[in-house]
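> Quick check, what structure comes out for this input:
(2 chains)
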Number of protein chains: 2
Amino acid sequence: MSHHQDSAHTEAHFGSSEVVRDVVIGMSDGLTVPFALAAGLSGVGASTHVVVIAGLAEIAAGSIAMGLGGYLASRGDSEHYASERRREEMEVVERTRDEEEEIYDIFEEYGVTRAESDPVLQALKRNPKAWVDFMMRFELGLEEPEVHRARQSAATIAISYIVGGLVPLVPYMVLDDNVRALAASVAITLVALAVFGAVKGRFTGAGVWRSGLQTVSIGGLAAAAAYALARLFHSH
Amino acid sequence: MSHHQDSAHTEAHFGSSEVVRDVVIGMSDGLTVPFALAAGLSGVGASTHVVVIAGLAEIAAGSIAMGLGGYLASRGDSEHYASERRREEMEVVERTRDEEEEIYDIFEEYGVTRAESDPVLQALKRNPKAWVDFMMRFELGLEEPEVHRARQSAATIAISYIVGGLVPLVPYMVLDDNVRALAASVAITLVALAVFGAVKGRFTGAGVWRSGLQTVSIGGLAAAAAYALARLFHSH
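Okay, here's the model as predicted:
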């Protein structure tokens, strides 16, 4: 594979990866937490009706907390970027000497002398907007957040959480016997976690088997802990 | 405030901000989701005993999902960094021409001509390690993740989730009457959300009042949604 194909591949991977990342964030918690809650409640003999109500309440709360919380966090990032940018715009005008020093400093970290980085500085000084762009990225390490990303990201996370969270609840909706419902819920959710982990591993490059094993382990551990804690507390 | 004080301030803020960020991540969900679940279950007349068991099961599941999930995500970032770094190390040796072009390309985005960026390239070529460092940061935008950060971050998030999640459950542990327990839980959790939001707003610079109002809104909305959904489903 030529290097340029490589770069193109990396960029394509990057574009889709924001949505994939949001689906992963929402679905990994959505498949895990309502599943574990249902297992914990079943462990103390709660009726399937109570398990479904608790599960739906959890899904409502979790999707709002993750979606709306994520939305507000993204909006905060945008505001942070805008305020840092205004500061840099002011500084290249009012503290030009300090900003020039910062350019030299950035390059000196990489063993580039002042004489060698000076032509770059002179070029940036011809174009104050480019200078500010350069400082935002290379001094502060900030990328401009996309405005409508925040809303789309919030919706993707929330919907993924809801879809993931409904999987372990289906057996409790269909069956009346909570022992059989628990068994069915554990079976389908572990399979769903394995499939989800494998797909995620393929997208992120972390490896299909390894990622599948990880998501199954997290989900299984969370459910086992919830089950054990519920029984322990119930017996007191 | 002088510019250098400003920079020092920014850096200090940045150092503490990783821990603050983890506390914020864990506690905002911890204060919200178990609270909303407890409200939803109270809405359908569940006993305080059931609410506490469901709440503890949720806290166990949520803290494991967020903590362990976060830990594995951080480890994934470290591995991604290491593999990209190996690729760059190989490329500066085997595809030197391509990598040189990439340096020119980076600077051309900022209106810096090839002649002006050439001295920087020549300096980087004297020191292949610095060249790779430069490409990691300025071509790929990747910072080297700290190794033990992942474990510390996971623990901070999980503990914050547990602490936050216990707040709304205390009234259900202390009181037998689920109506009074719900009222007390709503009161103390909304106060806790407001205080938490205000402190968070002070740390992140988002504004004390505005951040406090946001966390109260998310928590209140999640609890109201859980309550409404539980009642709706229960009445069918």
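
> So A:Arg21 versus A:Phe203, what's the distance?
Per Cβ to Cβ, to the nearest Å, A:Arg21 is found 9 Å from A:Phe203. The C-beta positions use only the backbone N, C-alpha and C, and glycine is treated the same way.

> what kind of secondary structure is the closest residue in space to A:Asn127 that isn't next to it in sequence in?
Spatial nearest neighbour of A:Asn127, chain neighbours left out: B:Gly111 (4.7 Å); criterion: Cβ to Cβ, 6 or more residues apart in numbering or on different chains. Here B:Gly111 is recorded as coil under DSSP: H, G, I helix; E, B strand; the rest coil.

> which helix of chain A spans the most residues?
When chain A is parsed with DSSP state H, its longest helix is helix A:48-94.

> Which helix or strand lies directly C-terminal to it?
Reading on from helix A:48-94 to the C-terminus, the next helix or strand found by DSSP states H and E is helix A:96-108.

> Work out the gap between that next one and the centre of the chain.
The chain centre lies 34 Å from the centre of helix A:96-108; the measure is Cα atoms, centre = their mean, to the nearest Å.

> where do the helices sit along chain A?
Along chain A, counting by DSSP H, helices occupy A:3-43, A:48-94, A:96-108, A:114-126, A:128-134, A:149-174, A:178-204, A:208-235.

> Near A:Ala183, how many other residues are there?
14 (other Cβ atoms under 10 Å in any protein chain shown).

> ok, now the one 10 residues further on?
Burial of A:Leu193, expressed as a neighbour count using other Cβ under 10 Å, amounts to 28.

> ditto for A:Glu94
10.

> again with A:His80
A:His80 has 16 nearby residues by other Cβ under 10 Å.

> ok, A:Ala57 to chain B distance?
3 Å (Cβ to the nearest Cβ, to the nearest Å).

> B:Arg231 is in contact with that residue, correct?
No. In this structure, A:Ala57 is not within contact of B:Arg231 by Cβ atoms under 8 Å, at 9.8 Å.

> Who has more neighbours out of these two?
Neighbours were counted for A:Ala57 and for B:Arg231 using other Cβ under 10 Å; A:Ala57 has more, 34 against 15.

> ok, the residue nearest in space to the middle of chain A - contacts?
For chain A, A:Ile25 is the residue whose C-alpha lies nearest the centre (Cα atoms, centre = their mean; 4.5 Å). Applying Cβ atoms under 8 Å, 6 or more residues apart in numbering or on different chains, one finds that A:Ile25 lies in contact with A:66, A:70, A:157, A:160.

> mind checking how far the closest residue to A:Val52 other than its chain neighbours is from B:Ser211?
Computed as Cβ to Cβ, 6+ apart, the closest residue to A:Val52 that is not its neighbour in sequence is A:Tyr172, at 4.9 Å. Remark: distance between A:Tyr172 and B:Ser211 (Cβ to Cβ) = 38 Å.

> Between those two, tell me which one has more neighbours.
A direct count of neighbours by other Cβ under 10 Å for A:Tyr172 and B:Ser211 places A:Tyr172 higher, at 27 against 24.

> picking that back up, can you flag the buried ones in the contacts of A:Ile25?
Neighbour counting by 16 or more other Cβ atoms under 10 Å in any protein chain shown classes A:66, A:70, A:157, A:160 among the contacts of A:Ile25 as buried.

> Among those residues, which pair sits farthest apart?
Greatest spacing in the buried ones among the contacts of A:Ile25, by Cβ to Cβ: A:Gly70 and A:Ser160 (11.2 Å).

> can you give me the offset of the longest helix of chain A from its chain's centre?
11 Å.

> Tell me which other helices or strands it touches.
Where contact means 3 or more Cβ pairs under 8 Å, 6 or more residues apart in numbering or on different chains; DSSP states H and E, helix A:48-94 is packed against helix A:3-43, helix A:96-108, helix A:128-134, helix A:149-174, helix A:178-204, helix B:3-43, helix B:48-94, helix B:208-235.

> show me the contacts for A:Thr32.
Taking Cβ under 8 Å, 6+ apart as the criterion, A:Thr32 is in contact with A:164, A:193, A:218-219, A:222-223, B:61, B:64-65, B:69.

> what do you get for A:Trp131?
Contacts of A:Trp131 by Cβ under 8 Å, 6+ apart are A:92, A:99, A:124-125, B:110.

> from the residues you listed, which is closest to B:Ser78?
So of the contacts of A:Trp131, ranked by how close each gets to B:Ser78 (Cβ to Cβ), first place is B:Tyr110, at 30.0 Å.

> per-residue confidence at the nearest residue to that closest one once chain neighbours are set aside?
In space, and not counting its chain neighbours, B:Tyr110 is closest to A:Ala130: 4.4 Å by Cβ to Cβ, 6+ apart. Looking at A:Ala130, its pLDDT stands at 91.

> before we move on, what about A:His234?
pLDDT recorded at A:His234 is 84.

> show me what contacts it?
By Cβ under 8 Å, 6+ apart, the residues touching A:His234 are A:43-44, B:49, B:53.

> Chain neighbours aside, what residue packs nearest to A:Leu121?
Nearest residue to A:Leu121 in three dimensions, chain neighbours excluded: A:Ile103, at 4.8 Å (Cβ to Cβ, 6+ apart).

> from memory that neighbour sits against A:Pro119, does it?
No. Between A:Ile103 and A:Pro119 there is no contact under Cβ under 8 Å: 11.2 Å.

> who's more crowded, those two?
Shown here are A:Ile103 and A:Pro119; by other Cβ under 10 Å, A:Ile103 has more neighbours (21 against 18).

> residues in contact with the more buried one?
A:Ile103 makes contact with A:117, A:120-121, A:124, A:134, according to Cβ under 8 Å, 6+ apart.

> Export those as TSV, with columns for pLDDT and neighbour count.
Formatted as TSV, these follow (pLDDT from 0 to 100; neighbours: other Cβ atoms under 10 Å in any protein chain shown):
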residue	pLDDT	neighbour count
A:Ser117	90	22
A:Val120	91	24
A:Leu121	91	20
A:Leu124	90	25
A:Phe134	90	26
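
> Now that A:Ala154 has come up, it's in contact with A:Arg75, right?
No. Counting by Cβ under 8 Å, A:Ala154 stays clear of A:Arg75, with 9.5 Å between them.
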